[in-house]
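[1] I'll drop the sequence and a predicted model, then ask my questions.
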Amino acid sequence: MTALTSDALAGKVVLVVGGTQGVGAAIARRAAQSGADAVVVSGRSEDKGRAVADELSSLGTKGAFVRADVSDAEAALSLVEQVVATFGRVDCVANVAATTSRGSLVDTTPELFDTHINVNLKGPFFVMQGAVKDMQRRSAPGTIVNIMSIAAHGGQPYLAPYVASKSGLGGLTKNAAHAHRFDRIRINGVNIGWTITEGEEVVQRTAHGATDGWLEEASANQPMGKLGQPDEIADFIVYLLSDRSGVVTGSIIDWDQIVIGGHD
């Protein structure tokens, strides 16, 4: 992989959906540090979103926040429209917004299932639709990266609706990449593994009864001695968003230290 430079996204307008915390915020920061002309983050929290936008502006880009709940298709489309109305276009999109609430095959309610599909699959679908239409209108190339999960390969029993939605997003990524390759719109996906974020801290304590010291214990049990790091993931996502990733499209890349299919 060619090293990123401070101009890897020079002049680009970047939209990070779900960019108010965790991996999304890390991607937004890295995009700003890579020369993006504007970086727009979306999410449901006004306070977090404004704080990230202010931080991005301090890094030299035009930072902006748009409040949006992309589980609603009209809101997802409106989000892209607002970016285009403000900055004239959208060049790069990172779809990061997701819900990871727990549910097995036997205890998942229809409401919980719909929540996962709406946030994790329908949201990215219509964000991509809006972005691709803008790129086509301008006859301009563009890049999209969908953040998925290593759980898309099967996952734990308590992640049934999450796995269903993320697996669907993998298929959608390939379908869209194939459909728009001659538009020079590159669309890729990244299956990230267990990553330490603000949200993961909450999930471990509320869903799994974790107590103080859980992170240190979990890290020690990982092959690389640590969980996934948002800043490291962000470097790779910005690489895929940039021209430095060349002609790569339709790829689903596992970003994890667990080797799928490997057995001891």
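    Received it, and whenever you're ready, just let me know what you need. Residues are numbered from 1 along each chain as shown.
[2] And the strands in the stretch 1-150 of the chain?
    13-17, 38-43, 62-67, 92-95, 142-149 (DSSP state E, counting those that start in this stretch).
[3] got those strands as CSV, with distance to Met135 columns?
    Where you see a C-beta, it was placed from the backbone N, CA and C, and this is true even at glycine. Formatted as CSV, the strands of the stretch 1-150 of the chain follow (distance: least, C-beta to C-beta, whole Å):
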stretch, distance to Met135
strand 13-17, 11
strand 38-43, 16
strand 62-67, 19
strand 92-95, 10
strand 142-149, 4
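[4] Output those strands in CSV; the columns should cover mean pLDDT, mean neighbour count and distance to Ala26.
    Output for those, formatted as CSV (pLDDT from 0 to 100; neighbours: other C-beta atoms under 10 Å; distance: least, C-beta to C-beta, whole Å):
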stretch, mean pLDDT, mean neighbour count, distance to Ala26
strand 13-17, 98, 29, 9
strand 38-43, 98, 29, 11
strand 62-67, 98, 20, 14
strand 92-95, 98, 28, 10
strand 142-149, 97, 27, 11
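[5] Now for the closest residue in space to Trp255 that isn't next to it in sequence, how many residues are close by?
    Among residues not flanking Trp255 along the chain, Ile192 sits closest, at 4.8 Å (C-beta to C-beta, 6 or more residues apart in numbering). Other residues lying near Ile192 total 21 when counted by other C-beta atoms under 10 Å.
[6] same check, this time on Phe182
    7.
[7] Go through the strands of the stretch 1-150 of the chain and name the closest to Tyr162.
    Among these, the nearest to Tyr162 by C-beta to C-beta is strand 142-149 (7.1 Å).
[8] Past the closest one, which element shows up next along the chain?
    Following strand 142-149 in sequence order, the next helix or strand is helix 160-179 (DSSP states H and E).
[9] so what does that next one touch, helix or strand wise?
    helix 110-117, helix 123-137, strand 142-149, strand 185-192, strand 252-255 (3 or more C-beta pairs under 8 Å, 6 or more residues apart in numbering; DSSP states H and E).
[10] please redo it, this time with the cut-off set to 6 Å
    Counting contacts by 3 or more C-beta pairs under 6 Å, 6 or more residues apart in numbering; DSSP states H and E, helix 160-179 packs against helix 110-117, strand 142-149, strand 185-192.
[11] quick one: contacts of that helix?
    100, 103-105, 108, 112-113, 116-117, 120-121, 124, 128, 146, 148-149, 151-152, 155, 187, 189, 249-250, 252 (C-beta atoms under 6 Å, 6 or more residues apart in numbering).
[12] ok, back up a step: how about the helices and strands packed on helix 160-179 in JSON lines, adding distance to Lys48?
    Below are the helices and strands packed on helix 160-179 laid out as JSON lines (distance: least, C-beta to C-beta, whole Å):
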{"stretch": "helix 110-117", "distance to Lys48": "20"}
{"stretch": "strand 142-149", "distance to Lys48": "18"}
{"stretch": "strand 185-192", "distance to Lys48": "20"}
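[13] nearest to Gly24, of those?
    That would be strand 142-149 among these, by C-beta to C-beta, at 7.9 Å.
[14] Could you check the angle the closest one makes with helix 160-179?
    Counting by axes from the mean of the first three to the mean of the last three C-alpha atoms, to 10 degrees, strand 142-149 points 160 degrees away from the direction of helix 160-179.
[15] shaky segments in the stretch 151-264 of the chain?
    Applying pLDDT under 70 to the stretch 151-264 of the chain flags no residue at all.
[16] pLDDT at the residue lying closest to Lys12 once chain neighbours are set aside, what is it?
    Spatially, and ignoring its direct neighbours in sequence, Lys12 is nearest to Asp91 (4.3 Å; C-beta to C-beta, 6+ apart). Looking at Asp91, its pLDDT is 98.
[17] Run through the residues that contact Asp91.
    By C-beta under 6 Å, 6+ apart, the contact set of Asp91 is Lys12, Val13, Gly142.
[18] Done for today, thanks.
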